[in-house]
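Chemist: Build me a structure from this.
(chains A and B)
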Amino acid sequence: MWDFIVERKADIAFNTYQHASLVLQAVLLATVLAVALAVLITRVPRLQGVANVVSAIGLTLPSFALIGLLLPLTSIGPTTGFVAVAFYATLPILRNAVVGLQNVDATLLESARGMGMSELTSLWRVRLPLAWPVILAGVRISTQMSMGVAAIAAYALGPGLGGYIFTGLAQIGGANAVNYAVVGTVGVVVVALVADGLLLLLGRLTISKGIRA
Amino acid sequence: MTTAPEKTSAGDEQISGAEIVLQDVVKQYPGQKVPAVRSLSLTIPAGEIVMFVGPSGCGKTTSLKMINRLIEPTSGTILIDGQDVRQQSENQLRRQVGYVIQGGSLFPHMTVAKNIAIVPRLLGWDAEQTSRRVDELLDLVGLEPARYRDRYPRELSGGQQQRVGVARGLAADPPVILMDEPFGAVDPITRQRLQDELLSIQRELRKTIVCVTHDIDEAIKLGDRILILQEGAEVAQYDTPDVILSNPANDFVADFVGAGSSLKALSLARVSDVEIRSVTTARVGDPVAEVRQRAEANGDSSVVVLDQRGRPRGWPMLRQLKGDRIVEPAEELEIDIDERATLNDALDTMLSSRHGAAIVTGARDQYLGIVDFQAVTDHIRAMEEQGGE
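Modeler: Sure thing, here's the model as predicted:
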């Protein structure tokens, strides 16, 4: 096992980096997208039901199936992986962002209005900072989930550690099958733990001391 | 902290408020048969506190919110200082009208200083001017700037939060301040102090303050005028507190003001109306022996301790004085009362004081003297004699 890792040191390091980078970029895009959608949804109450249904259905959609559906559109390669990961990553963040924005006390918003804050200023200086802890919790859930989805994206020749898992599965009974599968799986777990730690740190830095739990 | 020069009394009389006029203001919500505000016409003189009172659902809050266009009137005109409020954009208007609501409604993720600085920031003040203003306001509402500036709202008591709320409403020095049940969320003792402080601030600033409350006692205490509203914001009576108490316009007003209005008259008389006695005082840092000598010469068994800025800090008995010099008492003084406080409040405070008297303070908590039961009963007797004539 050890020899297996040492032999492929550079390759493993590269794939780990690729995996982390894929998830990071996808989650980043998902966060921006989800928050923008949530702002829209909280403004137009009718959209809320639609959003709930979409995110419920979206989360039940097996990632394998989604990748299959995406292939004709985005063809084999990293794009398919990125789109799939970003799609799943958006859903939990969207849910939390909607809840977070809705839970901002209405009297606070009225006092913001009463002091002459524009809608946009109020969003930027009051609603988003107050909803941020809940949004960030969504980002954490989403990141964890995306680690797994990204591994599956390797099926469509996406980047990352998923490749090892599929190689292991394909070679079952072979000499290195278990090594491949273990390196892929453990690698994903380690990346996930590190990412979670970093997000916790981000929370400490960006959540106002006045509302930190 | 160095002694800040106090404002001269000549400056106190300057009115910085603006007149508000409502002309046939109507608010009809779509889908509702009866209008929330049927037709309200009203002139609020510059520099006065006008209290809107009435049962819940009478349209008093709606009427208040139409002044800063949080609610748009269906028809009618509202003028501030002769200018139609619709002449400028909503946001511009609101930055020039202070707005204070229940509990202070501070933003929990911002420090006290940031909360107060909201409107100055919206108006584009520079950082230095803003922070100077924040400190000035904290001082005005009785919170030590160095100690409270960087705290978050959750680190403050309810009363302190409300004080910051008032400071925030005053931040850009608006001529008009709207208050919506400002002291509804605090306990009675804190409420009384906050009311006293508001009166003391108002004495200095002379803004036009419009304040909604459901508490008639609060209205009597704070208001230069009281507007009593019936359903549909129908004016039941609009007059000074003593006229409303002595001469209610109709049964509705009489009922609303309630029984015991002679007792309520106690909330009309202010501490400044009765005789304020002076007692021996000592500054923090004065030699104890000398203070004791002075007190004994005056025949006092206790002394009022003042800090360097002339604010009362404690009222110890002579035998409690220890050491060489007078030290600043650690605990908060709780038996002080503003000269604008009502006799009702004064009696309340005296009851909790072991001297059977309360320390009277003026602008910025300056020590004025003391008031005791004797003074209050004398005053009541004088009032009765006057009434009997």
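
Chemist: what residues does chain B put near chain A?
Modeler: Chain B has residues B:68, B:70, B:90-95, B:99, B:101-102, B:105, B:107-111, B:118-119, B:122, B:152-154, B:168, B:178 near chain A, with proximity defined as Cβ under 8 Å from any Cβ of the partner chain. For glycine as for every other residue, the C-beta is placed from the backbone atoms N, C-alpha and C.

Chemist: redo that, cut-off 6 Å
Modeler: Residues of chain B lying near chain A by Cβ under 6 Å from any Cβ of the partner chain: B:70, B:91, B:94-95, B:99, B:101, B:105, B:108-109, B:118-119, B:122, B:152.

Chemist: helices or strands next to the worst-scoring helix or strand of chain A on mean pLDDT in the packing?
Modeler: Each helix and strand of chain A was given a mean pLDDT (mean pLDDT, DSSP states H and E); the minimum falls on helix A:63-74 at a mean of 80. Using 3 or more Cβ pairs under 6 Å, 6 or more residues apart in numbering or on different chains; DSSP states H and E, the elements in contact with helix A:63-74 are helix A:78-102.

Chemist: The same query, at a cut-off of 10 Å, please.
Modeler: Applying 3 or more Cβ pairs under 10 Å, 6 or more residues apart in numbering or on different chains; DSSP states H and E, one finds that helix A:63-74 contacts helix A:78-102, helix A:128-153.

Chemist: And those: which comes nearest chain B?
Modeler: Nearest to chain B among the helices and strands packed on helix A:63-74 is helix A:128-153; the distance by Cβ to the nearest Cβ comes to 4.8 Å.

Chemist: ok now whichever helix or strand comes after that closest one, how far from the chain's centre?
Modeler: Using DSSP states H and E, the helix or strand that follows helix A:128-153 in sequence is helix A:162-170. Chain-centre distance of helix A:162-170: 22 Å, with Cα atoms, centre = their mean, to the nearest Å.

Chemist: Quick check: buried residues in helix A:162-170?
Modeler: Using 16 or more other Cβ atoms under 10 Å in any protein chain shown as the test for burial, helix A:162-170 gives A:162-168.

Chemist: got it, and stretch B:23-35?
Modeler: Neighbour counts over stretch B:23-35 (16+ other Cβ under 10 Å) mark B:25-27, B:35 as buried.

Chemist: Which one of the residues you listed is nearest to B:Glu385?
Modeler: B:Val25 (44.9 Å; Cβ to Cβ).

Chemist: Turn the residues of chain B next to chain A into CSV, including neighbour count, pLDDT and distance to B:Ile78.
Modeler: CSV is the format used below for the residues of chain B next to chain A (neighbours: other Cβ atoms under 10 Å in any protein chain shown; pLDDT from 0 to 100; distance: Cβ to Cβ, whole Å):
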residue, neighbour count, pLDDT, distance to B:Ile78
B:Leu70, 19, 94, 12
B:Asn91, 16, 93, 17
B:Arg94, 25, 95, 13
B:Arg95, 23, 93, 17
B:Tyr99, 29, 95, 15
B:Ile101, 23, 91, 19
B:Ser105, 27, 89, 23
B:Pro108, 17, 96, 32
B:His109, 23, 96, 34
B:Ile118, 25, 96, 24
B:Val119, 25, 96, 20
B:Leu122, 20, 95, 22
B:Tyr152, 20, 96, 36
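
Chemist: What are the boundaries of the helices in the stretch 51-200 of chain B?
Modeler: B:60-67, B:90-95, B:112-116, B:118-122, B:127-140, B:145-148, B:158-170, B:188-205 (DSSP state H, counting those that start in this stretch).

Chemist: Spatially nearest residue to B:Ile15 (excluding sequence neighbours)?
Modeler: Nearest non-adjacent residue to B:Ile15, counting by Cβ to Cβ, 6 or more residues apart in numbering or on different chains: B:Gly47, 3.6 Å away.

Chemist: Quick check: B:His379 vs chain A, distance?
Modeler: According to Cβ to the nearest Cβ, to the nearest Å, B:His379 and chain A sit 41 Å apart.

Chemist: quick one: that residue and B:Glu275 touch, right?
Modeler: Yes: judged on Cβ atoms under 10 Å, B:His379 makes contact with B:Glu275 at a distance of 7.7 Å.

Chemist: Can you pull the residues that touch both of those two?
Modeler: B:Val371 (Cβ atoms under 10 Å, 6 or more residues apart in numbering or on different chains).

Chemist: part of a strand, is B:Val360?
Modeler: Yes: applying DSSP: H, G, I helix; E, B strand; the rest coil, one finds B:Val360 inside a strand.

Chemist: In terms of helices and strands, where is the residue nearest to it when sequence neighbours are not counted?
Modeler: Spatial nearest neighbour of B:Val360, chain neighbours left out: B:Leu368 (4.6 Å); criterion: Cβ to Cβ, 6+ apart. Element membership for B:Leu368 (DSSP H and E) is strand B:367-372.

Chemist: elements contacting that strand?
Modeler: On a contact count with 3+ Cβ pairs under 10 Å, 6+ apart, strand B:367-372 meets strand B:304-306, strand B:312-314, strand B:336-338, helix B:343-351, strand B:357-361, helix B:373-388.

Chemist: and it, C-alpha only, in CSV?
Modeler: Output in CSV follows, covering the C-alpha atoms of strand B:367-372 (Å, rounded to 0.1, in the frame of the first residue of the first chain):
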residue,chain,number,x,y,z
TYR,B,367,-26.7,68.1,40.2
LEU,B,368,-29.4,70.6,41.3
GLY,B,369,-30.5,69.7,44.8
ILE,B,370,-32.8,67.2,46.5
VAL,B,371,-36.5,66.8,46.7
ASP,B,372,-38.3,65.1,49.7
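
Chemist: ok, residue 168 - contacts?
Modeler: I went with chain A, as the question did not name one. A:174, A:176-185.

Chemist: hmm, I had chain B in mind actually
Modeler: A:111, A:115, B:98-100, B:104-107, B:112, B:115-119, B:134, B:137, B:141.

Chemist: how about a cut-off of 8 Å?
Modeler: Listed by Cβ atoms under 8 Å, 6 or more residues apart in numbering or on different chains, the contact partners of B:Arg168 are A:115, B:100, B:104, B:106, B:115-116, B:118-119.

Chemist: try B:Arg151
Modeler: By Cβ under 8 Å, 6+ apart, B:Arg151 lies in contact with B:111-112.

Chemist: quick one, phi/psi of it?
Modeler: phi -80, psi 160 (degrees, to the nearest 10).

Chemist: again, but for B:Pro329
Modeler: phi -60, psi 140.

Chemist: hang on, it packs against B:Leu321?
Modeler: No: using Cβ atoms under 8 Å, B:Pro329 is not in contact with B:Leu321, being 11.0 Å away.

Chemist: between these two, which one's more packed in?
Modeler: Taking neighbours as other Cβ atoms under 10 Å in any protein chain shown, B:Pro329 and B:Leu321 compare with B:Leu321 leading, 19 against 15.

Chemist: confidence score at the more buried one?
Modeler: pLDDT for B:Leu321: 83.

Chemist: In contact with it, which residues?
Modeler: Per Cβ under 8 Å, 6+ apart, neighbours of B:Leu321: B:288, B:291-292, B:303.

Chemist: okay, now the closest residue to chain A within the stretch 251-389 of chain B: neighbour count?
Modeler: Using Cβ to the nearest Cβ, the single residue of the stretch 251-389 of chain B nearest to chain A is B:Glu332, 24.4 Å away. Per other Cβ under 10 Å, the neighbour tally for B:Glu332 reads 8.

Chemist: Where does A:Leu200 fall, secondary structure wise?
Modeler: Counting by DSSP H and E, A:Leu200 is found in helix A:177-206.

Chemist: any idea of the mean pLDDT in that helix?
Modeler: Helix A:177-206 carries an average pLDDT of 92.

Chemist: Check which helices and strands it is in contact with.
Modeler: Counting contacts by 3 or more Cβ pairs under 8 Å, 6 or more residues apart in numbering or on different chains; DSSP states H and E, helix A:177-206 packs against helix A:2-7, helix A:9-43, helix A:128-153, helix A:162-170.
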